[in-house]
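> pasting the sequence and the predicted coordinates here, then a few questions.
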Amino acid sequence: MFARLLETMKINVPSGTGFHTLRRTAATLAARPGDLFAVRRLLGHVNLEMATRYVQDVSAQTDRGIENSRAYLIRAQRVA
């Protein structure tokens with residue numbers, strides 16, 4: 001369903017991008033303030049260990065990747 005939505009919206013993403021990519025990005029953004037309990041609740045996990053598996057490295061390189069993705073989506077929305 002996610003792949004069809006991307007296709008309908010005419011959003012081109014790298015091969016292998018799926019719903020879990022979006023989920024991991026949301027978890028990473030939610031983890032920035034350092035509140036893993038919020039991440040656990042957002043993802044619906046019963047323990048912190050499972051929630052931390054979704055959180056990606058929040059280094060400067062990751063920040064650039066997230067910002068590039070955001071900019072791409074904003075441009076795609078303006079064109080649509």
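Cool, got the structure. Since the structure is predicted, the reported quantities are computational estimates derived from the model, not experimental observations. Residues are numbered from 1 along each chain as shown.
> elements contacting the helix or strand where A38 lies?
Element membership of A38, judged by DSSP states H and E, is helix 36-43. Applying 3 or more C-beta pairs under 8 Å, 6 or more residues apart in numbering; DSSP states H and E, one finds that helix 36-43 contacts helix 19-31, helix 48-54. From N, CA and C alone the C-beta is placed, and that goes for glycine too.
> quick one: those as TSV, columns for mean pLDDT and mean neighbour count too.
Formatted as TSV, the helices and strands packed on helix 36-43 follow (pLDDT from 0 to 100; neighbours: other C-beta atoms under 10 Å):
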stretch	mean pLDDT	mean neighbour count
helix 19-31	82	16
helix 48-54	80	15
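> host element of S15?
Per DSSP H and E, there is no helix or strand for S15.
> name the nearest residue to the most centrally placed residue in the chain, ignoring sequence neighbours.
Centrality entry for the chain: nearest residue to the mean C-alpha point is T25, 2.0 Å, by C-alpha atoms, centre = their mean. Excluding the flanking residues, the one nearest T25 by C-beta to C-beta, 6 or more residues apart in numbering is I66, at 6.7 Å.
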